[in-house]
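Student: have a look at this fold, sequence not included:
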């Protein structure tokens, strides 16, 4: 089948997508967007996290056909279009939140979603928000440091005095 | 494989009638795993995510009617105050990603005894609304809807449309045993809902039997204790022996098996503990409301 979907603000089209295929496979195998990682294919690991119409989802659990006509934002769409890294990405690099890097795209998108919804999360809120993303390298502490750092840098100026 | 994309409920029901073997998909958190692991290859899939009627909820004559496609995230945010037991259970489902997609309709459709959304429905005597193009809607009490492990009363030409549930009449709790606080299929779980107007405590055991199981012996026992000592009126503490016996009867009411998540013996034991805890949590909250 043919899939029409807006990805990272650009209309995209993919041909030859199998009807039973996941959005994750469509992104990686048909749309040249390998940033979202394929690991568990059952929603356990979060490494395929993307936004679907503004909601954080596991793209392995979305039927590609369900994304027809909808808006998807992948990890490739997180960095500013003019170049460089998003604050969340920069914070992951600086704190050592990136080690082997496999879980990183999913954690970047999930952290980005958290800070959109809640610019000043507490530690328990960070842990709950990232509970669906597995990392086998860092032990999570550096990742939580990264989210705290990104929150600090992204928070509106009037808040940071508080 | 063919993807059917109805825009309305009546269209969806027509499609289901024409293709009784079609698998409905909404959040995809169950069906996609089957597809990804090559466990199912249905001829047709009906995408219910575009059917607006399934994503609505409202209240008539005091009862909530909640579309089968309302996500756990929305249940928590939009109905958490009216349905605290279901909201607490919803918050233990998967992860934010899963809660954004998963639905109670999906829990009902899959009818796994471990579906976290089911026990709170049983403890509130919820009613499931199903419909077909030919026979229209029918309403089935949830305890009659779930008939066995992954079996339910849904006919081949029917879809789950909504569920009806009363707003909390008193404190409600849900507790779940698992290896983590997230991404866990329950080893066992327990919902306890107090209904002071009915002078009833309703308790439902999850993931420790072929279906969710109402702990009827525990319910009858504690109702007797509360009546006998006038505790609904006095809001005094329940005697520790009464709490203990409630836990013992919850424990005895389970019908678990040994499986990869835990042994039957462990599940019995854990449910006794959850029984004592959730009864005390809800009762202490009730006492504090005076």
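Tutor: Received the coordinates, thanks. Being a predicted model, the structure only gives us computed values, none of them experimental.
Student: near chain A, which residues of chain B are found?
Tutor: Taking CB under 8 Å from any CB of the partner chain as the contact definition, chain B meets chain A at B:1-3, B:5, B:25, B:27-29, B:31-33, B:35-37, B:41, B:45, B:47, B:49, B:73, B:94-98, B:100-101, B:180-183. C-beta here means a position set from N, CA and C on the backbone, and glycine is covered the same way.
Student: just the buried members of those?
Tutor: The neighbour count (16 or more other CB atoms under 10 Å in any protein chain shown) marks B:3, B:5, B:25, B:27-29, B:31-33, B:35-36, B:45, B:47, B:49, B:73, B:94-98, B:100-101, B:182-183 as buried among the residues of chain B next to chain A.
Student: report the central residue of chain A.
Tutor: In chain A, the centroid-proximal residue (CA atoms, centre = their mean) is residue A:109; its distance is 2.1 Å.
Student: helix, strand, or coil at that one?
Tutor: State at residue A:109, reduced to three classes by DSSP: H, G, I helix; E, B strand; the rest coil: helix.
Student: which residues in the chain form strands?
Tutor: Just going to use chain A. Along chain A, the segments classed as strands by DSSP state E run A:3-7, A:10-14, A:49-52, A:55-58, A:71-73.
Student: to clarify, I was referring to chain B.
Tutor: With DSSP E as the criterion, chain B has strands spanning B:2-4, B:23-25, B:44-47, B:57-60, B:63-67, B:127-132, B:136-141, B:146-148, B:151-152, B:158-165, B:172-177, B:188-195, B:200-206, B:213-214.
Student: outside of the second one, which residues touch it?
Tutor: Spelled out, that is strand B:23-25. A:63, A:66, B:12, B:16, B:31-32, B:40, B:42, B:44-49, B:109, B:159 (CB atoms under 8 Å, 6 or more residues apart in numbering or on different chains).
Student: just to revisit the earlier point, so which of the strands of chain A is nearest residue B:266?
Tutor: Of all these, it is strand A:55-58 that lies closest to residue B:266, at 30.1 Å by CB to CB.
Student: quick one on the thing from earlier: among the buried ones among the residues of chain B next to chain A, name the ones in helices.
Tutor: B:31, B:32, B:33, B:35, B:36, B:73, B:96, B:97, B:98, B:100, B:101 (DSSP state H).
Student: name the nearest residue to the last one, ignoring sequence neighbours.
Tutor: Going back to what we said before, that points to residue B:101. Of all residues not flanking residue B:101 in the chain, residue B:27 sits nearest, at 3.5 Å (CB to CB, 6 or more residues apart in numbering or on different chains).
Student: which residues of the chain score low on pLDDT?
Tutor: In the absence of a named chain, chain A is used. Applying pLDDT under 70 to chain A flags residues A:157-162.
Student: you answered for a different chain; I wanted chain B.
Tutor: For chain B, counting by pLDDT under 70, the residues that fall below are B:290.
Student: for chain A, what's its nearest residue on it.
Tutor: Residue nearest to chain A within chain B: residue B:95 (2.2 Å; CB to the nearest CB).
Student: wait, that residue touches residue A:46, no?
Tutor: Yes: the criterion here is CB atoms under 8 Å, and residue B:95 meets it with residue A:46 at 6.6 Å.
Student: outside of stretch B:128-137, which residues touch it?
Tutor: Contacts to stretch B:128-137, defined as CB under 8 Å, 6+ apart, come from residues B:9-10, B:13-14, B:16-17, B:65, B:108, B:138-142, B:145, B:153-155, B:157-164.
Student: of the residues you listed, select the buried ones using a ChimeraX command.
Tutor: Selecting only the buried entries of the contacts of stretch B:128-137 in ChimeraX, with 16+ other CB under 10 Å as the criterion:
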select /B:9,13,14,16,17,65,108,140,142,145,154,157,158,159,160,161,162,163,164
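Student: and residue B:248, how many neighbours?
Tutor: Neighbourhood size, residue B:248 [other CB atoms under 10 Å in any protein chain shown]: 17.
Student: contacting residues around it?
Tutor: Residues in contact with residue B:248 (CB under 8 Å, 6+ apart) are B:272, B:275.
Student: state the distance from it to residue B:271.
Tutor: To residue B:271, residue B:248 is 10 Å away according to CB to CB, to the nearest Å.
Student: equivalent analysis for residue A:106, please.
Tutor: For residue A:106, the distance to residue B:271 equals 35 Å [CB to CB].
Student: angle of the helix ranked longest in chain B against strand B:200-206?
Tutor: Using DSSP H, we find that the single longest helix of chain B is helix B:264-288. Orientation check (axes from the mean of the first three to the mean of the last three CA atoms, to 10 degrees): helix B:264-288 against strand B:200-206 gives 150 degrees.
Student: the residue lying closest to residue B:42 once chain neighbours are set aside and residue B:14, how far apart?
Tutor: Leaving aside its chain neighbours, residue B:42 sits nearest to residue B:23 (4.3 Å; criterion: CB to CB, 6+ apart). Residue B:23 sits 16 Å away from residue B:14, going by CB to CB.
Student: next: residue A:89.
Tutor: Note on residue A:89: its distance to residue B:14, by CB to CB, is 48 Å.
Student: for residue A:119, same thing?
Tutor: Separation of residue A:119 from residue B:14 (CB to CB): 46 Å.
Student: would you map the helices across chain A?
Tutor: Using DSSP H, helices in chain A cover A:23-25, A:87-95, A:104-117, A:123-129, A:141-154, A:157-160.
Student: output those as a markdown table; include the columns distance to chain B.
Tutor: Formatted as a markdown table, those follow (distance: least, CB to the nearest CB, whole Å):
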| stretch | distance to chain B |
| --- | --- |
| helix A:23-25 | 9 |
| helix A:87-95 | 16 |
| helix A:104-117 | 7 |
| helix A:123-129 | 6 |
| helix A:141-154 | 14 |
| helix A:157-160 | 23 |
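Student: quick one on the thing from earlier: looking at the contacts of strand B:23-25, which is nearest residue B:204?
Tutor: Distance to residue B:204 across the contacts of strand B:23-25 (CB to CB) is lowest for residue B:109, with 18.8 Å.
Student: residues contacting that closest one?
Tutor: Residues near residue B:109 by CB under 8 Å, 6+ apart: B:24, B:30, B:68, B:152, B:154, B:160.
Student: still on that earlier bit, and of the contacts of strand B:23-25, the nearest to residue B:175?
Tutor: Out of the contacts of strand B:23-25, the member with the shortest distance to residue B:175 (by CB to CB) is residue B:109, at 24.9 Å.
Student: please report phi then psi for the closest residue to chain B within chain A.
Tutor: Residue of chain A nearest chain B, by CB to the nearest CB: residue A:132 (2.2 Å). Per-residue torsions, residue A:132: phi -90, psi 10 (degrees, to the nearest 10).
Student: so what's the residue count around it?
Tutor: Residue A:132: 24 surrounding residues under other CB under 10 Å.
Student: and residue B:99, by the same measure?
Tutor: Counted with other CB under 10 Å, the neighbours of residue B:99 add up to 23.
Student: that one contacts residue B:73, doesn't it?
Tutor: Yes: assessed by CB under 8 Å, residue B:99 is found in contact with residue B:73 at 4.6 Å.
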